[in-house]
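Q: Fold the following, please.
(one chain, ligands or ions: 1)
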Amino acid sequence: MNIILLGPPGAGKGTQARRLVEERGMVQLSTGDMLREARVSGTEMGKRVAAIMDAGELVTDEIVIGLIEERLRGDIGGGVIFDGFPRTLAQADALADLLERNGQSLDHVVAMEVNDDALVARITARSTCGNCGEVYNDITSPIPADGKCRNCGASDFRRRADDNEESLKTRLMEYYKKTSPLIGYYHAKGQLRWVPGLGEIDEVAASIKEMLDRA
Ligand code: B4P
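A: Okay, the predicted model is just below:
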């Protein structure tokens, strides 16, 4: 089964994708994670990507499609969760082509609905371990009281460079302008499934599970 998780920044796409990997053994392809890897690589492309991401803008279609194309050349046997991809109509067309060329199809597009106030609250509450990348959130999974990462024990917590109010404003504008047209695109193909993204992480996971089991 191949699915897309679609939603605004902070909707919980990455959070729910990790749950689906644990529960169903699917492969998570997160363009956000791939781009964060590219930015720490120190290459010219990585430097360009870092500047775009920090400003809250979308990285060019050419770069992002190239990254996905490369990953789809490998074995994707158990099904793929596209997390944060596609984010533009050009990316959606490219994905349809890539899947077709691999003899694969897209099963569902899970659209996660969350209002802007909740998105801002979630994103400004997020931090990550500077050593291992474990994600914390003041609302759902706060940093342990002893100040040490639950995964690696380090005490170096950081905020993602694009998790500030200024970048977030741009990220939301980019979403409404360039990504939200995908809702109509996939609705017209009969692939769109709405899931409420508000509520506890477990509740959202249960709604996605119910939808996938029913489909
Ligand atoms: P992403 O990495 O995709 O980041 P995101 O939009 O912030 O994430 P997501 O929805 O996954 O939220 P998360 O689960 O982490 O993109 C970052 C940047 O990369 C983009 O701005 C862009 O520049 C670039 N990019 C990525 N893909 C691209 C593409 N295809 N084309 C062009 N550019 C691209 O959740 C957020 C927080 O909320 C977390 O702290 C989490 O713990 C918390 N949370 C999750 N669910 C919750 C719940 N139910 N209740 C309370 N809190 C919750």
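Q: in the chain, what spans have low per-residue confidence?
A: Counting by pLDDT under 70, the chain contains low-confidence ranges at 75-77.
Q: So which residues on it come close to the ligand?
A: Within the chain, the positions near the ligand by Cβ under 6 Å from any ligand atom are 7, 9-15, 31-32, 35, 52-53, 56, 58-59, 64, 84-85, 87, 91, 122-123, 126, 135, 137, 139-140, 162, 171, 199-201, 204. To be clear about C-beta, it is placed using only N, CA and C from the backbone, and glycine gets the same treatment.
Q: give me that answer again for 5 Å
A: If contact is defined as Cβ under 5 Å from any ligand atom, the residues of the chain in contact with the ligand are 9-15, 31-32, 53, 58-59, 64, 84-85, 87, 122, 126, 137, 139-140, 171, 201, 204.
Q: which of these count as buried?
A: Among these, those classed as buried by neighbour count (16 or more other Cβ atoms under 10 Å) are 9-15, 31-32, 53, 58-59, 64, 84-85, 87, 122, 126, 137, 171, 204.
Q: Just the ones of the residues you listed in helices?
A: Those of those mapping onto helices are 13-15, 31-32, 53, 64, 122, 171, 204, per DSSP state H.
Q: List just the nearest of the residues you listed to the ligand.
A: G32 (1.8 Å; Cβ to the nearest ligand atom).
Q: Not counting its neighbours along the chain, what's nearest the closest one?
A: Closest residue to G32 in three dimensions, ignoring its sequence neighbours and counting by Cβ to Cβ, 6 or more residues apart in numbering: G84, at 4.8 Å.
Q: So that neighbour sits against M34, correct?
A: No. With contacts defined as Cβ atoms under 8 Å, G84 does not count as touching M34, sitting 9.3 Å away.
Q: What are the contacting residues of the helix or strand hosting F82?
A: Secondary structure from DSSP states H and E places F82 in strand 80-83. Applying Cβ atoms under 8 Å, 6 or more residues apart in numbering, the set of residues contacting strand 80-83 from outside is 2-5, 13-14, 17, 20-21, 26-33, 68, 72, 95.
Q: Of these, which belong to strands?
A: Restricting the contacts of strand 80-83 to those inside strands, with DSSP state E as the criterion, leaves 3-5, 27-30.
Q: who does the nearest residue to R71 once chain neighbours are set aside bridge with?
A: Excluding the flanking residues, the one nearest R71 by Cβ to Cβ, 6+ apart is L29, at 5.5 Å. On the basis of DSSP bridges, L29 takes part in beta bridges with F82.
Q: need the strands for this structure, in chain order.
A: Going by DSSP E, the chain shows strands at 3-6, 27-30, 80-83, 108-113, 126-129, 135-137, 157-158, 192-196.
Q: In JSON lines, list these along with distance to K178.
A: Converted to JSON lines, these look like this (distance: least, Cβ to Cβ, whole Å):
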{"stretch": "strand 3-6", "distance to K178": "12"}
{"stretch": "strand 27-30", "distance to K178": "18"}
{"stretch": "strand 80-83", "distance to K178": "16"}
{"stretch": "strand 108-113", "distance to K178": "15"}
{"stretch": "strand 126-129", "distance to K178": "23"}
{"stretch": "strand 135-137", "distance to K178": "25"}
{"stretch": "strand 157-158", "distance to K178": "28"}
{"stretch": "strand 192-196", "distance to K178": "17"}
